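S.K.: for reference, the sequence and a predicted model appear below.
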Amino acid sequence: GAGVSQSPSNKVTEKGKDVELRCDPISGHTALYWYRQSLGQGLEFLIYFQGNSAPDKSGLPSDRFSAERTGGSVSTLTIQRTQQEDSAVYLCASSLVGGQNTEAFFGQGTRLTVV
Amino acid sequence: QQPVQSPQAVILREGEDAVINCSSSKALYSVHWYRQKHGEAPVFLMILLKGGEQKGHDKISASFNEKKQQSSLYLTASQLSYSGTYFCGTEKDSNYQLIWGAGTKLIIKP
């Protein structure tokens, strides 16, 4: 695609429900990253995929968070039993190759609100 | 270890210059700079690798001082379009995750 696409753009969910956030990276990009950004804050690293595997899951805040990537393309971030502190903008980025010496392209994000 | 950005915020008049700093307590392999406008995704500005290089495009440039473990972003003759929050991301090894600073909010007034 032309850019990184994330869906939904906004999600309001009730506390305790599960949510799935989707990221479509730029075609051909092997590296994919998930970040969380709380209001007025910086970017918090969640997970990094190289192809379909996740060599670095260290940023996932709890076992309620999981992510997968299939076909070296689409990735889904799942949050189970959502809590109010999960409210944030979830950003996905992709880059052409693994490693960090390349530009990352960000999606517009999914704004998650847990009520 | 999250890099420290300074200042946290700066207000300028159009045409004035600004410097944003990004410091780390650890040895760095590279520093990445991004700008994020309100409600938008972060947009890439530049990457600097260790070796003390300096980069720039248009009136935005940056330096990387490996010894000081610090990078500085220079905005010259600022334009209204420069407004936004500037983030630095640091990397201690190649193929390692980026650790992001908390951001510097830049407001440019006409």
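M.R.: Arrived safely, thanks for sending. Numbers count the residues shown, from 1 in each chain, chains lettered A, B, ... in the order given.
S.K.: what residues does chain B have near chain A?
M.R.: B:2, B:30, B:32, B:40-44, B:47, B:49, B:87, B:89, B:91, B:94-103 (C-beta under 8 Å from any C-beta of the partner chain). All C-beta atoms are positioned from the backbone trio N, CA, C, and that covers glycine.
S.K.: which ones are touching the residue in chain B that chain A sits nearest to?
M.R.: Proximity of chain B to chain A (C-beta to the nearest C-beta) peaks at B:Ala41, 3.7 Å away. By C-beta atoms under 8 Å, 6 or more residues apart in numbering or on different chains, the contact set of B:Ala41 is A:Val4, A:Leu91, A:Phe106, A:Gly107, A:Gln108, A:Gly109.
S.K.: which SS state does A:Ser27 fall under?
M.R.: coil (DSSP: H, G, I helix; E, B strand; the rest coil).
S.K.: who is residue 47 paired with across the strands?
M.R.: All of this is about chain A. A:Trp34 (DSSP bridges).
S.K.: was after chain B, sorry
M.R.: Beta-bridge partners for B:Ile47, by DSSP bridges, are B:His32.
S.K.: kindly report the same for A:Cys92.
M.R.: Note on A:Cys92: beta-bridge partners A:Trp34, judged by DSSP bridges.
S.K.: how close does it sit to A:Ile47?
M.R.: Separation of A:Cys92 from A:Ile47 (C-beta to C-beta, to the nearest Å) stands at 10 Å.
S.K.: so what's in contact with the two at the same time?
M.R.: Here A:Cys92 and A:Ile47 have A:Tyr33, A:Trp34, A:Leu77 as joint contacts, going by C-beta under 8 Å, 6+ apart.
S.K.: nearest to chain B, of the residues you listed?
M.R.: Proximity of the shared contacts of A:Cys92 and A:Ile47 to chain B (C-beta to the nearest C-beta) peaks at A:Tyr33, which lies at 8.0 Å.
S.K.: helices and strands of chain A: which one has the lowest mean pLDDT?
M.R.: The weakest-scoring helix or strand in chain A, judged by mean pLDDT, DSSP states H and E, is strand A:53-56 (a mean of 82).
S.K.: what strands line up against the following helix or strand past it, and which way round?
M.R.: Using DSSP states H and E, the helix or strand that follows strand A:53-56 towards the C-terminus is strand A:65-69. Strand pairing for strand A:65-69, determined by DSSP bridges: strand A:75-79 (antiparallel).
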